[in-house]
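*Asks:* Need coordinates for the following:
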Amino acid sequence: MKQAFTLAEVLVTLGIIGVVSAMTVPTLMQNYQRKSYVTQLHKVYNETQQAALQYMTDRNALDLKEAGLTSTDAVTNWVKTYFKVVNSCGTDSSPCFANEYKFMNGISRGALFSNNTYQKFVLANGASISVAGHSNGKVSFFVDVNGKAGPNIIGRDTFAMLIYKNGIIDESDGSEGEDTLTAPLTKEKRDELYEQYCANGTAGSYWWGCFGKILDYIPEITY
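*Replies:* Numbering: from 1, shown residues only. Model prediction:
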């Protein structure tokens, strides 16, 4: 006599599978999305790092200040020359960036940029960037790795970076016009900035400190 499952047993089994799937699939999707954001950030990071180093090489300069990357106009020309730009938004944020961003704790930051002179672009890889040059050779570099698309969360798909005059990209504490920090930063300094700004964001407050936390793990990413 052949053994078989009853209809009730099949339905119970399917019900269990459904419950387990409902519990695990959202978590798996969330983890996949987070990894995809880090992977895209890694691509932007690599492209930007190579562009900075190539800029110095092309001008036979020891650093970005000597190479002449000392103003927003110079940085704008650098982006247009060394990156694949699909949209130049000028100083207007809305064509390139979302109108609202949130911190990881759910608090709204509002718009990232308000009436500043930073230049905004959309790159061929889908990322939106905002850049500004400084007289000491540092470059403020802000990125939303998937453009205006969500989740628009600082520390998830949106990051503030600083390109130091030696061409190294690292965390920023907002002192772009000063020489108080040199790259690469220590892990301790990155952790300090993360706790000070990224992890404890409040409405309208500074939003640095998130990139350094990711930077500690970027070398471990494999494809």
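*Asks:* Quick one: the helices in this protein, in order.
*Replies:* Assigned by DSSP state H, the helices in the chain fall at 7-58, 64-67, 72-82, 187-193, 211-215.
*Asks:* What's the local residue count around the residue lying closest to Ala67 once chain neighbours are set aside?
*Replies:* Excluding its sequence neighbours, the residue lying closest to Ala67 (Cβ to Cβ, 6 or more residues apart in numbering) is Ala61, at 3.7 Å. All C-beta atoms are positioned from the backbone trio N, CA, C, and that covers glycine. Look at Ala61: counted by other Cβ atoms under 10 Å, it has 16 neighbours.
*Asks:* ok, now His42?
*Replies:* 18.
*Asks:* so where's the chain uncertain?
*Replies:* When residues are selected by pLDDT under 70, those of the chain lie in 1-5, 7-34, 115, 176-177, 216-223.
*Asks:* count of neighbours near the residue nearest to Gly147 when sequence neighbours are not counted?
*Replies:* Of all residues not flanking Gly147 in the chain, Ser128 sits nearest, at 4.6 Å (Cβ to Cβ, 6+ apart). Around Ser128 sit 25 other residues, with neighbours defined as other Cβ under 10 Å.
*Asks:* Okay, and the beta partners of Ser128?
*Replies:* Val122, Asp144 (DSSP bridges).
*Asks:* That one contacts Asn152, correct?
*Replies:* No - applying Cβ atoms under 8 Å as the test, Ser128 and Asn152 come out as separate, 10.6 Å apart.
*Asks:* shared neighbours, these two?
*Replies:* Residues touching both Ser128 and Asn152 (Cβ atoms under 8 Å, 6 or more residues apart in numbering): Asp144.
*Asks:* Ser108: what's it in contact with?
*Replies:* By Cβ under 8 Å, 6+ apart, the neighbours of Ser108 are 100-102, 203.
*Asks:* Just give me the closest of those to Thr182.
*Replies:* Using Cβ to Cβ, Tyr101 comes nearest to Thr182 of these, at 28.7 Å.
*Asks:* shouldn't that closest one be in contact with Ile154?
*Replies:* Yes - when contacts are counted by Cβ under 8 Å, Tyr101 is listed as touching Ile154 (5.7 Å).
*Asks:* re earlier: out of the contacts of Ser108, which are buried?
*Replies:* In terms of neighbour count (16 or more other Cβ atoms under 10 Å), the buried residues within the contacts of Ser108 are 101-102.
*Asks:* Adding distance to Gln119 as columns, could you present the contacts of Ser108 in CSV?
*Replies:* Putting these into CSV (distance: Cβ to Cβ, whole Å) gives the following:
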residue, distance to Gln119
Glu100, 21
Tyr101, 19
Lys102, 24
Ala203, 26
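*Asks:* which of the contacts of Ser108 lies closest to Asp173?
*Replies:* Tyr101 (19.1 Å).
*Asks:* Report the contact partners of the closest one.
*Replies:* Here Tyr101 is in contact with 108-112, 152-154, 158, 207 (Cβ under 8 Å, 6+ apart).
*Asks:* how near is the spatially most central residue of the chain to Ile169?
*Replies:* Nearest residue to the geometric centre of the chain (Cα atoms, centre = their mean): Phe159, 3.5 Å. Relative to Ile169, Phe159 is positioned 10 Å away (Cβ to Cβ, to the nearest Å).
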